[in-house]
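Asks: Next input, structure requested:
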Amino acid sequence: MKLSYEKMVLLTDNFSESNCIGNFQFGKLYYAKIVYPGITAYFMVKKWEVPENCDYDPGDNDLRLMDEMILLRHEMFINHPGMLKLYGFCFDRGLIGAVYEFKPFDSLFNLIPKESKLPSVVRYLHLGKSSYYQPFVLHNLDAAHVVLDEDYNPKLCDFGCTSGGIFLNKKTYSGHNSRSCYGCIDIALCSTGDWSIKQDVFAFGVILLSLISKRVYTDEDSEAGAPFVFEWAFTEYEEALESKSDVKETEFSLVHKSLAAEDDFCTVDGHKITTLALECVNRDEDERPTMKQVVKSLLKLEIVKQNADFIGVNKVLNSFENGI
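Replies: Numbers count the residues shown, from 1 in each chain. Here you go, the predicted model:
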């Protein structure tokens, strides 16, 4: 459905600051709604803008909108629980935007300092669904590109750099050489010009480190020259290695003390999830696990086993059997 500029203004209360969820790599996300007699319909709006922190060529955002419309309407994804449902789009009076049938709670990036099905979504994208389709590579997986509903179910909300899959001959946009997605992009791999699903694994590892340590990398950190989250994690590990020669046999953990203080926290889980995150950001991409292996490791955590019914582990296990 094509929406007018006026309709987008109405949905977001003229893109008010109070309705802004946050930034994504190429623009902003907004809470949106329409109030009808006796009922309120909730949406999420994505507004593409000229990015300040990455290279941009005129027309890049037009192509990103087009790619997203193709992707989210494709039979592989139209009913996938980890993908947003496209309601409409806007290409009017200079406004490039998309509207989703989704009631957002917040972005993962916003929730990290305050306080998972996400790896299953990435694993699905990495699966070659047939001999014809190659795996998708997101290229810009980031906590700011994951939104959650009120039940904390994650949805990927940006595909502006996605290649592979149904985009067989897609060329990388200038935004691929991005200076945003701070610390989530494997610079070493990007510098070679080669793209791999292991780059998404690296980005997921950074998100996992951020979640367990409650650390995010901000614009202020970038200006101050602060270490990326994965660099901080390696420093912590190396310092522990120097102080304890048998650190690999200890329960080394980067889990934040507030999380470790929870009644149902398991110390062994802290060590396991820290080790998994560090494996994901291994400097050698060949040593990183696949997303399928990541999901399997997460399913073995004690906290997951104890809350299997609540977090829908059986559904995830069924997805392994069905290749979803």
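
Asks: Tell me the secondary structure of residue 21, please.
Replies: Taking DSSP: H, G, I helix; E, B strand; the rest coil as the rule, one finds residue 21 in the strand state.

Asks: For it, which non-adjacent residue is spatially closest?
Replies: Excluding the flanking residues, the one nearest residue 21 by Cβ to Cβ, 6 or more residues apart in numbering is residue 29, at 4.2 Å. Every C-beta, even on glycine, is put in place using the N, C-alpha and C of the backbone.

Asks: number of nearby residues for the one you found?
Replies: Residue 29 has 24 neighbouring residues, counting by other Cβ atoms under 10 Å.

Asks: could you pull out the helices for the protein?
Replies: Secondary structure of the chain, counting by DSSP state H: helices at 5-12, 60-72, 108-111, 118-126, 187-192, 197-213, 219-224, 229-243, 257-260, 267-280, 291-299, 302-306, 308-311, 313-322.

Asks: Going by neighbour count, list what's buried in the second one.
Replies: Right, the one you point to is helix 60-72. 60, 61, 64, 65, 67, 68, 71, 72 (16 or more other Cβ atoms under 10 Å).

Asks: where are the low-confidence patches of the stretch 151-300 of the chain?
Replies: Within the stretch 151-300 of the chain, the segments meeting pLDDT under 70 span 167-182, 187-195, 245-250.

Asks: Oops, could you answer that again for the stretch 1-150 of the chain instead?
Replies: Ranges of the stretch 1-150 of the chain meeting pLDDT under 70: 53, 113-134.

Asks: Mind jotting down where the strands sit in it?
Replies: For the stretch 1-150 of the chain, applying DSSP state E, counting those that start in this stretch gives strands covering 20-24, 27-36, 39-48, 86-92, 95-100, 106-107, 134-137, 146-148.

Asks: Residue 244: which of the ones you listed is closest?
Replies: strand 146-148 (34.6 Å; Cβ to Cβ).

Asks: Name the residues that touch the closest one?
Replies: Contacting residues not belonging to strand 146-148 are listed as 21, 29, 44, 84, 102, 104-109, 111, 118, 154-157, 207 [Cβ atoms under 8 Å, 6 or more residues apart in numbering].

Asks: cutoff 7 Å now
Replies: 21, 29, 44, 104-108, 118, 154-157 (Cβ atoms under 7 Å, 6 or more residues apart in numbering).

Asks: returning to that earlier point: just send the helices of the chain back as TSV, with distance to residue 96 too.
Replies: Compiled in TSV, the helices of the chain are given as follows (distance: least, Cβ to Cβ, whole Å):
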stretch	distance to residue 96
helix 5-12	10
helix 60-72	5
helix 108-111	22
helix 118-126	24
helix 187-192	26
helix 197-213	25
helix 219-224	23
helix 229-243	31
helix 257-260	39
helix 267-280	33
helix 291-299	30
helix 302-306	40
helix 308-311	36
helix 313-322	33
